[in-house]
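Chemist: can you look at this prediction? I've put the sequence above it.
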Amino acid sequence: MESVLKGQIALITGASSGIGAGVAKSLAGAGATVIINYPVDATKPAAEAVLKEITDAGGQGRVAQCDVSQEDQVTSMFADVIAQYGTIDILVNNAGLQRDAKFEDLTLEQWNTVINVNLTGQFLCARAAIREFLRRGPRPEVSAATGKIICMSSVHETIPWAGHANYAASKGGVKLLMQTLAQEYGDRKIRVNSICPGAIQTSINKGAWETPQALNSLMTLIPYNRIGQPQDIGNLAVFLASDLSDYITGASIFIDGGMTVLEGFSDGG
């Protein structure tokens, strides 16, 4: 899929590490100019390291600080990107976090922190992207679609997750946000889809794979018997951002090694 995104501008939120970094590298490798969003000053060096890896490989991009839960910061980030590049073509709504607790111990602060970043952040960025897509109209020289939004959801938009009520609720919300936008803007040739990862080897879920015992336990949930890698998600993001998927919108695409087929029932339950 080399150069299938040539000439396109892609903004990836939460791209200084993990899945977001993997997606940024993959989109850059497919020819897009990438904007690597990071949330706070402390994560800027990591974002710059991702950008260096991309530019060393011949890609193009820049970093951009923004807390996606803050409307004024989102507005400013999009304005800066559009001022520099003229527009954006692709938004990957990836920024997300966890604040885990048993439900009876879950604080309002933990609830709000997760909902504000994982769901409200996707709303704010998607709204800014759609406003830009509508303002400039189609760019048929680079894409059949007027604009593409990829929402980073999770297998937990369908699988309940005890001890993670805030996270599961945020991803359930992402599902219907994505589908509603696909329904509302499909006639304007704006495509909106979700990637729903299962277990991906990143720091956010380090406890699930960092020891042989933990990894073996995780494999009981994954029929394909391996943990996913950020590049797996990046490969799918390239496909969804390209004209190869031009007839796909409103879809939740699970990339989980089969986790959602519930391997625990493979012997009849």
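Modeler: Yes, it's here.

Chemist: now do the helix ranked longest in the chain: which elements does it pack against?
Modeler: Ranked by residue count, the top helix of the chain under DSSP state H comes out as helix 165-185. Where contact means 3 or more Cβ pairs under 8 Å, 6 or more residues apart in numbering; DSSP states H and E, helix 165-185 is packed against helix 108-115, helix 121-136, strand 147-152, strand 190-197. Where you see a C-beta, it was placed from the backbone N, CA and C, and this is true even at glycine.

Chemist: quick one, helices of this structure?
Modeler: 18-29, 44-56, 71-85, 108-115, 121-136, 165-185, 212-219, 230-241.

Chemist: quick one, which of those helices is nearest to S203?
Modeler: Evaluated over the helices of the chain, closeness to S203 peaks at helix 18-29, with 6.2 Å, by Cβ to Cβ.

Chemist: average pLDDT across the closest one?
Modeler: For helix 18-29, the mean pLDDT works out to 98.

Chemist: again, but for stretch 245-252
Modeler: For stretch 245-252, the per-residue pLDDT averages 98.

Chemist: list the buried residues in it.
Modeler: By 16 or more other Cβ atoms under 10 Å, the buried positions in stretch 245-252 come out as 245, 249, 251-252.

Chemist: follow-up on the earlier one: looking at the helices of the chain, which one has the lowest mean pLDDT?
Modeler: For the helices of the chain, where the average pLDDT is lowest is helix 212-219, sitting at a mean of 93.

Chemist: give me the helices and strands touching it, please.
Modeler: Against helix 212-219 (3+ Cβ pairs under 8 Å, 6+ apart) you get no helix or strand.

Chemist: ok now it, how far from the chain's centre?
Modeler: Relative to its parent chain, helix 212-219 has a centroid offset of 26 Å by Cα atoms, centre = their mean, to the nearest Å.

Chemist: now stretch 141-149
Modeler: Distance, centroid of stretch 141-149 to centroid of chain: 18 Å (Cα atoms, centre = their mean).

Chemist: which outside residues touch it?
Modeler: If you take Cβ atoms under 8 Å, 6 or more residues apart in numbering as the criterion, stretch 141-149 is touched by 6-8, 88-91, 93, 126, 129-130, 132-134, 137-139, 178, 181, 188-193, 240-241, 243, 246.

Chemist: got a quick ChimeraX command for the buried subset of the residues you listed?
Modeler: Applying 16+ other Cβ under 10 Å to the contacts of stretch 141-149, the buried members can be selected in ChimeraX as follows:
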select :8,88,89,90,91,93,126,129,130,132,133,139,178,181,189,190,191,192,193,240,241
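
Chemist: find the nearest non-adjacent residue to T75, please.
Modeler: Computed as Cβ to Cβ, 6 or more residues apart in numbering, the closest residue to T75 that is not its neighbour in sequence is A128, at 6.6 Å.

Chemist: and what of Y224?
Modeler: Per Cβ to Cβ, 6+ apart, closest to Y224 is G257, 3.6 Å.

Chemist: what sits against the residue nearest in space to the middle of the chain?
Modeler: For the chain, N94 is the residue whose C-alpha lies nearest the centre (Cα atoms, centre = their mean; 2.7 Å). By Cβ under 8 Å, 6+ apart, the residues touching N94 are 12-15, 19-20, 23, 152.
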